[in-house]
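S.K.: What would the 3D arrangement of this be:
(4 chains)
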Protein chains: 2
Amino acid sequence: MDQPHNCVTPNICNNFHDTIEFIGKRWTGIIIYTLMSGPKRFHEIVESIPGISDRLLTERLNELVKEGLVTKKQLDSSTKKVEYELTPSGMALKDVLIAIRNWVEQRPNL
Amino acid sequence: MDQPHNCVTPNICNNFHDTIEFIGKRWTGIIIYTLMSGPKRFHEIVESIPGISDRLLTERLNELVKEGLVTKKQLDSSTKKVEYELTPSGMALKDVLIAIRNWVEQRPNL
DNA sequence: ACTACAACTTACCATTAGTAAGTTTATAAT
DNA sequence: ATTATAAACTTACTAATGGTAAGTTGTAGT
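M.R.: I've put the predicted structure just below:
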């Protein structure tokens, strides 16, 4: 808990402020959470996240790829099948997700 | 990393999905981060978070109070001076913030 | 009495999200 | 061989949220 926040690299989260806003962007956290259990195809992600739409999932996945947290693989060339997988950097967010889950579990259920 | 997400109590984050969306809401994370160092007055928060506006800070603080993560104290009755402070529940988010900071520090600076 | 400050509140415009329908290419069914 | 279905987007449009600026209320200082 030290340094404040002054953004340098646009769209790349190299500091606390940018990072928390990036992974906290609507759906992003749950997408990462979903991919923690292994690579998934587009429709598998849609199906495991109730409420998300095609449009926003596409947008968020593109952002995640751009930030280097997710990779996109073409399965079976010449078809439209793709697979999304966390990079090591994305996987390293597991500790953050675990910390959140622990906090949720320890909260008094008002 | 177990259970999925099905919201029961509206506006109260008792599960992973709601929680990550709540603390990831624009400015919320940084407000909590700012209050980690102790109680602060309204204008002190504004001054320590570059870019935030009165309107959004008011809105976010109200949400945080509603969720039981922050308390609002009237200082010096009959003036407008107030102070915001994390509740124990809010303070418990420190582990989450530390996990994020660690992740940021360990990332390769593209 | 005049000015400034603290903590909002209101009004308005810009950006982002949600919903639904359409597109493209490929395999499956009849 | 034609038709249908599916995967992964894309486009268009409306609703919700965020950003900017100005206004409000009450106290304090000079």
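S.K.: Need the pLDDT of the closest residue to A:Leu75 other than its chain neighbours.
M.R.: Nearest non-adjacent residue to A:Leu75, counting by Cβ to Cβ, 6 or more residues apart in numbering or on different chains: A:Lys81, 4.2 Å away. Bear in mind the C-beta positions are built from the backbone N, C-alpha and C, glycine included. Per-residue confidence (pLDDT) for A:Lys81: 90.
S.K.: Find the residue ranges of chain A scoring beneath the pLDDT cut-off.
M.R.: The model of chain A has pLDDT under 70 over residues A:1-14, A:109-110.
S.K.: Surely A:Arg26 is in a strand?
M.R.: No. Counting by DSSP: H, G, I helix; E, B strand; the rest coil, A:Arg26 is not found in a strand; it is coil.
S.K.: Give me the number of neighbouring residues for it.
M.R.: 15 (other Cβ atoms under 10 Å in any protein chain shown).
S.K.: Which secondary structure state is assigned to the nearest residue to it once chain neighbours are set aside?
M.R.: Spatial nearest neighbour of A:Arg26, excluding adjacent residues (Cβ to Cβ, 6+ apart): B:Glu21 at 6.5 Å. Under three-state DSSP, the three-state class of B:Glu21 is helix.
S.K.: Might one say that B:Glu21 is in contact with A:Gly29?
M.R.: Yes. B:Glu21 is within contact range of A:Gly29, at 6.9 Å (criterion: Cβ atoms under 8 Å).
S.K.: the strands in chain A, which residues?
M.R.: A:40-41, A:70-74, A:82-86 (DSSP state E).
S.K.: coming back round to it: can you tell me which residues contact the residue nearest to A:Leu75?
M.R.: Neighbour list for A:Lys81: A:41, A:74-75 [criterion: Cβ atoms under 8 Å, 6 or more residues apart in numbering or on different chains].
S.K.: before we move on, the earlier item: could you check how many residues crowd around the residue nearest to A:Arg26?
M.R.: Neighbours around B:Glu21, by other Cβ under 10 Å: 20.
S.K.: A:Glu63 now?
M.R.: When neighbours are counted by other Cβ under 10 Å, A:Glu63 registers 16.
S.K.: measure it to B:Trp103 for me?
M.R.: Noted for A:Glu63: a distance of 17 Å to B:Trp103, by Cβ to Cβ, to the nearest Å.
S.K.: re the thing from before, from the contacts of A:Lys81, pick the one nearest B:Leu56.
M.R.: Proximity of the contacts of A:Lys81 to B:Leu56 was ranked by Cβ to Cβ; the top entry is A:Arg41 with 37.6 Å.
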